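Novice: Predicted coordinates and the sequence they were generated for:
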Amino acid sequence: MNSLITERRLERIDPFADNYASGARAMVASEIRTLFEVAARPEVISLAGGMPCVSALPLDVVGDMAGQLIGERGSAALQYGTAQGDPGLREMICEVMKLEGISAHPDDVVITVGSQQALDLIARILIDPGDAVLAEGPSYVGALGVFAACQADVIHVPMDDDGLIPEALEQAMRGLAAAGRRAKFLYTVPNFHNPAGVTLSPPRRGRILDICASAGLPVIEDNPYGLLGFSGNPMRALRADHPDGVVYLGTFSKTFAPGVRVGWAVAPPAVRDKLVLAAESAVLCHSSFAQLLVREYLRHQPWLEQIKIFRGCYRQRRNAMLNALDAVMPGGCRWTTPGGGFYVWLGLPDGLDSRAMLPRAVSAHVAYVPGTGFYANGSGKNYIRLSYCFPSPDRICEGVQRLAHVLEAEIERHGARQLLPS
Ligand SMILES: Cc1ncc(COP(=O)(O)O)c(C=O)c1O
């Protein structure tokens, strides 16, 4: 028994504790990471993780392509490549971006390990410790992790159902200016926002670009979900109308498969050069095999048809979630209606704390991500992110019902009924 305790204590002692860089001290496990273990238990319905529905891919076709790649092009597929990435893939990426009105040359594109690495590289080349960064409130948790590691000061700009609020952006910029500061960039997810599920309206796109252009504020446009709208054509990218001021981040994680880890950044030439240098120092080059796999997939498979299949699958799951929320959520809850993507942002009655409630939800076999994970400043306590991308429609309904029971018990427990907003 004693030796067990000693062993456990030894495990916790960190021999490097005094040696960490300040950026590493700022790194903490995200709310989502710590959840994955419990949420993965089969009895738990996870409405937490944003895992794409990879099973909707023709896995046999992808398998054959992978085999052929090694058989026919093994010496290129298994060799080092350049830090900027395969030119043929970059050409195909320019074709993909045309769907959102972007006209780019393959030289403008830098391949990355998912768009997460693009975020990391852009943060590394632009942020010094203490720099201000503007980002939507709430914001993508992976971006907040990157900004924290760079010791950025994240200033959240509120959104509503039409996305980022231009007047709130101006106000945040005025607040910084009054303190003698200016932000390094605006980070935004304009389409089917993670976690908020909302989309920046067309009139606001112009307004936001005008505000940023006249202040010389660079925009980082992170767009993993842009092609996953449930109706109509894809929205026009911010980069399409202001290529000099916008760095666009894209990924094949949601339109093909996250496991290939292929994303990209498109940037003005000088920024692109810095990104290539940063990529080289981070990874030398990206996986040649993964890049060729994606390139061949885009060249020879009906990838647009596959995206339609994904959209159909996510639309069905979104509908299942919205119907279930309508049917069973207690009064005082409100939620967004995503027109695409993976997420619903659920607001709870005042007085409830989604983080404190999580262990009780997991005991009731349902998992979600508490809203606090999506703010750098501790806000978001009475919000929850629900993902509908992965569970089947039946499991989604069951999960929402379990969550509703947990919320009812919580409302009872806190007497929150009296605290409901009128
Ligand atoms: C808004 C946003 N940006 C970036 C990423 C990173 O995606 P990946 O690195 O798989 O391309 C995600 C993943 O969920 C995301 O939601």
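Specialist: Sure, I can see it. Residues are numbered from 1 along each chain as shown.

Novice: what about the longest helix in this protein?
Specialist: helix 303-328 (DSSP state H).

Novice: Run me through the strand neighbours of the helix or strand just after that one, direction for each.
Specialist: Remark: after helix 303-328, the chain's next helix or strand is strand 334-335, criterion DSSP states H and E. Here strand 334-335 is paired, per DSSP bridges, with strand 343-347 (antiparallel).

Novice: same question for the partner strand, mean pLDDT?
Specialist: Averaged over strand 343-347, pLDDT sits at 98.

Novice: What mean pLDDT does the longest helix of the chain get?
Specialist: According to the model, helix 303-328 has a mean pLDDT of 97.

Novice: Could you list the low-confidence segments of the protein?
Specialist: Within the chain, the segments meeting pLDDT under 70 span 1-11, 30-36, 416-422.

Novice: who in it is up against the ligand?
Specialist: 50, 114-116, 140, 142, 189, 194, 222, 224, 251, 253, 258, 263 (C-beta under 6 Å from any ligand atom). The C-beta positions use only the backbone N, C-alpha and C, and glycine is treated the same way.

Novice: Please tell me how far stretch 263-270 is from the chain's geometric centre.
Specialist: Put simply, stretch 263-270 sits 18 Å off its chain's centre (C-alpha atoms, centre = their mean, to the nearest Å).

Novice: Need the distance between the two termini of it.
Specialist: Distance across stretch 263-270, first residue to last, is 20 Å (C-alpha to C-alpha, to the nearest Å).

Novice: list the buried ones in it?
Specialist: 263, 264, 265, 266, 267 (16 or more other C-beta atoms under 10 Å).

Novice: cool, and stretch 301-314?
Specialist: Quick answer for stretch 301-314 (16+ other C-beta under 10 Å): 301, 303, 306, 307, 310, 311, 313, 314.

Novice: Quick check: the third one touching residue 61?
Specialist: Read that as residue 306. No - counting by C-beta atoms under 8 Å, residue 306 stays clear of residue 61, with 9.7 Å between them.

Novice: residue boundaries of the strands in this protein?
Specialist: 45-46, 109-112, 132-137, 153-160, 163-164, 183-188, 219-222, 246-251, 263-266, 334-335, 343-347, 366-367, 369-370, 383-387 (DSSP state E).

Novice: Now do the fourth one: everything it contacts.
Specialist: Under the criterion C-beta atoms under 8 Å, 6 or more residues apart in numbering, residues 130-139, 144, 147-148, 164-165, 168-169, 172, 175-176, 183, 186, 193, 196, 198, 375-377, 379 lie in contact with strand 153-160.

Novice: Kindly recompute the last result at 7 Å.
Specialist: Contact with strand 153-160 is made by 130-137, 139, 144, 147, 164-165, 168-169, 172, 183, 196, 198, 375-377, as judged by C-beta atoms under 7 Å, 6 or more residues apart in numbering.

Novice: repeat for the last one
Specialist: With contacts defined as C-beta under 7 Å, 6+ apart, strand 383-387 is touched by 47-50, 195, 321, 342-348, 354, 368-371, 374.

Novice: Pairing partners for that strand, with directions?
Specialist: Going by DSSP bridges, the partners of strand 383-387 are strand 343-347 (antiparallel), strand 369-370 (antiparallel).

Novice: Tell me which of those sits most buried.
Specialist: Of all the strands paired with strand 383-387, strand 369-370 carries the top mean neighbour count, a mean of 26, counting by mean count of other C-beta atoms under 10 Å.

Novice: would you list the strands paired with strand 383-387 in CSV and tack on distance to residue 78?
Specialist: Below are the strands paired with strand 383-387 laid out as CSV (distance: least, C-beta to C-beta, whole Å):
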stretch, distance to residue 78
strand 343-347, 37
strand 369-370, 38
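
Novice: before we move on, back to that, indicate which one of the strands of the chain is closest to residue 208.
Specialist: strand 163-164 (6.2 Å; C-beta to C-beta).

Novice: For that closest one, name the packing helices and strands.
Specialist: helix 202-215 (3 or more C-beta pairs under 7 Å, 6 or more residues apart in numbering; DSSP states H and E).

Novice: Relative to the whole chain's centre, how far out is the helix it packs on?
Specialist: 22 Å.

Novice: Ok, stretch 333-347 next?
Specialist: 15 Å.

Novice: Dump that stretch to PDB, restricted to CA.
Specialist: Written as PDB, here are the backbone C-alpha positions of stretch 333-347 (Å, rounded to 0.1, in the frame of the first residue of the first chain):
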ATOM      1  CA  CYS A 333     -33.100  27.400 -22.600                       C
ATOM      2  CA  ARG A 334     -32.400  28.900 -26.000                       C
ATOM      3  CA  TRP A 335     -30.200  27.700 -28.800                       C
ATOM      4  CA  THR A 336     -28.800  28.600 -32.300                       C
ATOM      5  CA  THR A 337     -30.100  27.100 -35.500                       C
ATOM      6  CA  PRO A 338     -27.000  26.300 -37.600                       C
ATOM      7  CA  GLY A 339     -27.400  26.400 -41.400                       C
ATOM      8  CA  GLY A 340     -24.400  24.100 -41.700                       C
ATOM      9  CA  GLY A 341     -21.400  22.700 -39.900                       C
ATOM     10  CA  PHE A 342     -21.500  20.600 -36.700                       C
ATOM     11  CA  TYR A 343     -22.600  22.700 -33.700                       C
ATOM     12  CA  VAL A 344     -25.500  24.100 -31.700                       C
ATOM     13  CA  TRP A 345     -24.800  26.600 -29.000                       C
ATOM     14  CA  LEU A 346     -27.200  26.100 -26.100                       C
ATOM     15  CA  GLY A 347     -27.900  28.800 -23.600                       C
END
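
Novice: Now the residue of the stretch 301-422 of the chain found nearest the ligand. Nearest residue, chain neighbours left out?
Specialist: Using C-beta to the nearest ligand atom, the single residue of the stretch 301-422 of the chain nearest to the ligand is residue 342, 7.7 Å away. Counting by C-beta to C-beta, 6 or more residues apart in numbering, residue 389 is the residue found nearest to residue 342 once chain neighbours are left out, at 4.0 Å.

Novice: just residue 236 next, same as before
Specialist: Nearest to residue 236 is residue 101, by C-beta to C-beta, 6+ apart, at 4.3 Å.

Novice: re earlier: nearest to the ligand among the buried residues of stretch 263-270?
Specialist: Closest to the ligand, out of all of the buried residues of stretch 263-270 and judged by C-beta to the nearest ligand atom, is residue 263, at 4.2 Å.

Novice: Now do the closest one against residue 286, distance only.
Specialist: From residue 263 across to residue 286, the span is 9 Å (C-beta to C-beta, to the nearest Å).
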